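1. can't give you the sequence, but here's the structure:
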């Protein structure tokens, strides 16, 4: 029963967190200066009558509380509203943006997990050597770099070698499947590498810390005294028991990565959810902002919930 109670509490907390986030998002965007109507590009010199008609069309003539109630009612039916900027359903806009973002985020995260975990393990195992010094210094360097600055440096370094903007070559007309895949791979490389390098530093430092703590335990010292091979000690004893913080880090970072891709997608003009958020802020597109931040909030909360459940699965003692 303790396990079931723990899962139910975490689920209830996740639902409450999403509701609070939805409320804050609704209020936060409306506190920004300006309004959606005055920022609509298609009516830069509209008359007061036109502006009033647009306010009524988008429901902005109602009180904030009435808008909030209507928003919750629509949300309960799975309706995220209509974008002020292109008059398309927010759900359709976000679906397209997410489809574009996920491959880039996946490749960057995969790079960080593989190389960050590997370098973290090596750094911990070779503690006190030059290898550790080089590894930790490199990880700290990438971890401390501003994401947009690193992206700009890669743009400068690889300009003329790799595409530095967009998702595809607009001059390719009816390309074959493999030509399209090659073109997409060339465009996705730099933004995915930027994300991967920033996360690489974080993963390296966390894995190293977890491994150092585990390598100092008595059972590892006993395994060494028995004469077990270093590879066996790392795999069977150290790494297995260091999985708790590593698994938690991976689950937590997955939700944050989507939100963190905003700067990367802006630098590389990648048409994903990060770029959609950036454009919506400039246009005061409230429905798009609310929908995008709802997706980001749910992703973070869901990954936190997965992390909690994985932690419980790996170490049931947390309910005691």
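-> Good, I have the coordinates. Predicted model only: the values in this text are computed from it and were never measured.

2. identify the bridge partners of residue 159.
-> Beta bridges link residue 159 to residue 162, judged by DSSP bridges.

3. show the pLDDT at it.
-> You'll see residue 159 listed with a pLDDT of 84.

4. cool, and residue 119?
-> Residue 119 carries a pLDDT value of 90.

5. burial count for residue 167?
-> 21 (other Cβ atoms under 10 Å). The way it works is simple: take the backbone N, C-alpha and C, and place the C-beta from them, glycine included.

6. and it, that one's in a helix?
-> No: looking at residue 167 with DSSP: H, G, I helix; E, B strand; the rest coil, it is coil, so not inside a helix.

7. isn't it right up against residue 189?
-> No: using Cβ atoms under 8 Å, residue 167 makes no contact with residue 189, being 11.9 Å away.

8. got the residue ranges for the helices in the chain?
-> 2-30, 48-57, 64-76, 90-125, 130-144, 147-158, 177-215, 218-225, 230-232, 240-241, 243-267, 273-283, 286-314 (DSSP state H).

9. make CSV out of those and add mean neighbour count.
-> Shown next, in CSV, are the helices of the chain (neighbours: other Cβ atoms under 10 Å):
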stretch, mean neighbour count
helix 2-30, 14
helix 48-57, 13
helix 64-76, 13
helix 90-125, 20
helix 130-144, 15
helix 147-158, 16
helix 177-215, 20
helix 218-225, 12
helix 230-232, 10
helix 240-241, 15
helix 243-267, 20
helix 273-283, 21
helix 286-314, 20
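
10. any chance of those in a markdown table, plus distance to residue 82?
-> Shown next, in a markdown table, are those (distance: least, Cβ to Cβ, whole Å):
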| stretch | distance to residue 82 |
| --- | --- |
| helix 2-30 | 16 |
| helix 48-57 | 9 |
| helix 64-76 | 10 |
| helix 90-125 | 7 |
| helix 130-144 | 41 |
| helix 147-158 | 31 |
| helix 177-215 | 29 |
| helix 218-225 | 59 |
| helix 230-232 | 58 |
| helix 240-241 | 51 |
| helix 243-267 | 23 |
| helix 273-283 | 13 |
| helix 286-314 | 6 |
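
11. the residue of the chain most remote from its centre and residue 120, how far apart?
-> Distance from the C-alpha centroid of the chain peaks at residue 226, with 44.0 Å (Cα atoms, centre = their mean). Distance of residue 226 to residue 120, given as Cβ to Cβ, to the nearest Å: 25 Å.

12. likewise for residue 141?
-> 15 Å.

13. also residue 85?
-> Distance from residue 85 to residue 120, by Cβ to Cβ: 43 Å.

14. how far does stretch 176-186 sit from the chain's center?
-> 25 Å (Cα atoms, centre = their mean, to the nearest Å).

15. so what touches it?
-> Stretch 176-186 is contacted from outside by 103, 162, 163, 167, 168, 169, 172, 175, using Cβ atoms under 8 Å, 6 or more residues apart in numbering.

16. pLDDT-wise, what's the bottom of those residues?
-> residue 172 (74).

17. now the residue nearest to that residue when sequence neighbours are not counted: how far from residue 171?
-> Excluding the flanking residues, the one nearest residue 172 by Cβ to Cβ, 6 or more residues apart in numbering is residue 183, at 6.1 Å. To residue 171, residue 183 is 10 Å away according to Cβ to Cβ.

18. now residue 119
-> In terms of Cβ to Cβ, residue 119 sits 40 Å off from residue 171.

19. check residue 307 too.
-> Here the criterion is Cβ to Cβ. By it, residue 307 lies 44 Å from residue 171.
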